[in-house]
Structures are given as C-alpha cells and as structure tokens.
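**Q** sharing a model that was predicted from the sequence below.
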Amino acid sequence: MRVHFIAIGGSAMHNLAIALHLKGYEISGSDDEIFEPSYTRLKKHGLLPVEMGWSADNISTELDAVILGMHARIDNPELLEAQKLGLKIYSYPEYLYEQSKDKKRVVIGGSHGKTTITAMILHILKFAEVDTDYMVGAQLEGFDVMVRLSHEAEWMIMEGDEYLTSPIDRRPKFLHYKPNIALISGIGWDHINVFPTFDNYLQQFRDFIKAIEPGGCLIYNQEDEEVQKLVEGARCEIKPYQTHQFEMVNNRTVIPVGSGRTIELDIFGRHNLSNLSAAIAVCEQMGIAKEMAYDAIKTFQGASKRLECLGSNDHAALYRDFAHAPSKVKASTAALKLKYSDRQLIVCLELHTFSSLSASFIDQYANCLDEADSAVVFYDHHSVELKKLALMDAELIKTAFRKKDIVVVNDPEELLAFIDNVKTFPLAVACMSSGSFRGLDFNRLKRIISL
C-alpha cells in the first residue's frame, strides 16, 4: 500500500504515518512546517519530507490513498490534484476506522479526561497481556508511539475527539469510529468557534451515541447532569460509573479494593478517581477482571502533561497540565489543592485556545481558580492576533474569573516575577495550558521555587 499524508507533521498525523510505516506500508508526506517532536520522530523513521512546502507533483495515480490533515487548507494544491485524479482521500479518523473496521472498537469521548482514561485502559491491557491497537492523544510511559495498528489485534482503543474531522469534512472526528463500546466522561462546552451554542455542542454527543454499533454498550459518568440527560434516549445498553472511593494519607491516594484491602496510587484528585472508575468499567466490559485492573493501576504514572510532576521536594512541587477548558481547569486545581492542602498553591493558566481567548466565552471561567491560593492568567497578545480576535482588557479577564487578587500578565518574564514575588514555602506550582506560555523556561522556574 502506498499512502501519502498531506500535513504529515501534525501531532496525530505523524503518529499515524509512523504506525502505517511500521505495519509495512510505503509512506510519503508533505507539510509547510514541522515542529518537535514530530520532526525528530519522522526523521528517525525516514519519513521526513525532503523539502518543506506543497507540490501537486507529490500526487499520482500510483497512490492507494491520500490522508488529509486539519492543517491543510481546502485550496491545498496536493488536495486539488488528488481530487482531480479521483484518488481515495481519507481524513485521519476515517483512515483509523478503515484500519479497524474488522476489530472491536472502544471509543473514549467527553469534554475532559479522554486522554487519561484511554491511557489507563492501555496500561491495564498491557499489564493483562491483551494485544490491542490504539490511538491516544499523549505520549505514554512504555509506549513508543501514540498510534498502533496491526493485523493481529482483536481490539482498537481510541480517544474520541469531538473537534472537526478535516478541512473538507466538518463533522466531529468521533462520529467516524462507530464504537462497540463507547464512553462519555463528562460535558463542558468547548470549541465555540465550531459549536457556537451549548446545545449545538451537546448535539455532537447525541450523534456520537447514535453512532454506537448495534449490540454495543455506552458507559457513562452518572455524576454529570448533562451526560445523564444525554443517555436517556440511548438505544443501546447503558452502564453508569461514579468516582472511586478514596482518601488522602500523607499526600498519597489510597483506595479500597475489596476484602478489606487497600492500595496506594500515584494519581490524585477526584477527577482522576472518576477517570479510574471509567477505565475499570471499560476493561470489565472487555473481559478484564477488576482485581487485575487494580493490580495494574498501582504502577500507572499518568499521561504526558496531564498533572505531570516536573519536580518535587520537601518544600516545593512543580506540575504541568494540559488543562485549558473551564471544567478541566477547575478539576485540576481542586485535585492539586486536595493533595497539597498544607501548602500554598499557585496556579498559572494560559489563555491559548480560540474559546479561552474570546470575550463571548471568558465568563465560563468564573470561579475555576477559586481553590488556588494565588492565581495568574497568562494572556499573550500575539496569540490573540494569530487567531484574529479582539484584545480583551485585563480588567474584563479579572472580572470573568471572579477571584479576588487574580493577576493578568502578558509575557513569561512577568509570569516568573509574579511567582517569585508571591511564593511562600512550602508551595506547589501548576502551569496549565495547551500551549507553552510563549516558551516559558521551566528550568528557571524550578530555580525560582528552589527545585
């Protein structure tokens, strides 16, 4: 099979390209710019384009398929040439389904927790020696790539994203996967540039439920009111889950596992204990005994940038978290305060996504940072300009969060100076963003908090 990737450098696209290469396919690709870690990974496997840019000459009738990434535009010359030649053009999710249509598919959906739940499931299945293909949205300990495709695996585990499929397919990605086992972790309005009303956003999940295969099963978070409403009309088997029982002992999470036994976990916070229940419920549906799931989860360290500890000692701890939507920010802040109730908690939140940078959405962050002892919002004017949005006044942002003494900064130096000024030991610092705080130097931050 010869497959060409238009926009091969994307975080999802380059992983799919590597997975198909490892499966024995002949892969080519193009892009106008490729960043790390995609660049190094593609280079390692000999898949890096010889030249950057687009060219219709890359497309010919010798190709069996073309895979189109979201980074490409509808007037991309390679896309136009593929359409002209009548080649089969797939989006990333369409091709994942094509590769897994003869397997049993598990799809993890929801506004938050998808990556962590998928990572937990894969960790348990690896421990149980269950062969599976997968697609997950972060690098995981013990897994070389974020996508695995094989001829042999019976199962395919996929993180189900509700964002758009491709420049020529405006449907959510997860509608292509047709799950045998589906999960919805929770609902919190996001992606307002695509789903301008909350009901429009909810409709995508109604459609996701309808896409479950006949005889399939929907596992859902019964503690989420919006999810409860959604499942009322489901025409498949439904199975609820709720946050796992736990307690904090010497800053460690301890859970009961039956017969008077308890185990300690590295994960923490109500949100992650809800994710754990979700993962166990999925694994049970797949035939994995709960006892084995508990044995496996004792060594689960978490997914990259999901409450990832960058360093800790007796007086300081530093975390990096992908949280950016209001529900995620609130859950991560609460988790950190629960773990570090005896420390000052400083939370730094970057407004980076289209939704978070929009004046029409910013009020959704009300009270999200209330449990932080000190909070700072990083508002990069350059990001606003790139997304062609209007600048918000700092006072508008402060008012939206409804937290006394919250501070708004515009560059990394201001952010570091704020932390240095307000810090008191012992402390815990969390940097939450789907971006990079405009290249924040985490080594400098570590020195500031004496790590």
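**A** Everything's here; your move. Residues are numbered from 1 along each chain as shown.
**Q** now the longest helix belonging to the chain: average pLDDT?
**A** Looking across the chain with DSSP state H, the single longest helix is helix 270-285. The predicted model gives helix 270-285 an average pLDDT of 97.
**Q** cool, and stretch 184-199?
**A** Mean predicted lDDT for stretch 184-199 stands at 91.
**Q** how far is that stretch from where the chain is centred?
**A** With CA atoms, centre = their mean, to the nearest Å as the basis, stretch 184-199 stands 15 Å off its chain's centre.
**Q** any regions of the chain where pLDDT drops low?
**A** Residue ranges of the chain with pLDDT under 70: none are present.
**Q** how does it divide into domains?
**A** For the chain, the structural domains run 2-87, 95-297, 308-448, going by automatic domain parsing.
**Q** can you put those domains in JSON lines and add mean neighbour count?
**A** For glycine as for every other residue, the C-beta is placed from the backbone atoms N, C-alpha and C. Listed next are the domains of the chain as JSON lines, based on neighbours: other CB atoms under 10 Å:
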{"stretch": "domain 2-87", "mean neighbour count": "18"}
{"stretch": "domain 95-297", "mean neighbour count": "19"}
{"stretch": "domain 308-448", "mean neighbour count": "18"}
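**Q** picking up where we left off before, so which elements touch the longest helix of the chain?
**A** If you count contacts as 3 or more CB pairs under 8 Å, 6 or more residues apart in numbering; DSSP states H and E, helix 270-285 packs onto strand 104-109, helix 114-127, strand 181-184, strand 217-221, strand 237-241, strand 252-258, helix 290-297, helix 326-339.
**Q** now it: how far from the chain's centre is it?
**A** Distance of helix 270-285 from its chain centroid, counting by CA atoms, centre = their mean, is 16 Å.
**Q** now the angle from it to helix 326-339?
**A** Orientation note: helix 270-285 sits at an angle of 100 degrees relative to helix 326-339 (axes from the mean of the first three to the mean of the last three CA atoms, to 10 degrees).
**Q** what's next to helix 270-285, contact-wise?
**A** With CB atoms under 8 Å, 6 or more residues apart in numbering as the test, helix 270-285 has contacts from 106, 108, 112-113, 116-117, 120-121, 124-125, 128, 181, 183, 185-186, 217, 219, 221, 223, 239, 241-246, 253, 255, 265, 267, 290, 293-294, 297, 307, 331-332, 334-335, 338.
**Q** quick one: it to strand 104-109, angle?
**A** Put simply, helix 270-285 runs at 160 degrees to strand 104-109, going by the same axes, to 10 degrees.
**Q** circling back: TSV please, covering the helices and strands packed on helix 270-285 and showing distance to residue 79.
**A** Below are the helices and strands packed on helix 270-285 laid out as TSV (distance: least, CB to CB, whole Å):
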stretch	distance to residue 79
strand 104-109	27
helix 114-127	29
strand 181-184	31
strand 217-221	35
strand 237-241	40
strand 252-258	48
helix 290-297	43
helix 326-339	33
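**Q** now the helices for the stretch 301-450 of the chain?
**A** 326-339, 381-386, 394-401, 412-422, 442-448 (DSSP state H, counting those that start in this stretch).
**Q** ok, back up a step: quick one: which of the helices and strands packed on helix 270-285 is nearest residue 373?
**A** Ranking these by proximity to residue 373 (CB to CB) places helix 326-339 first, at 8.3 Å.
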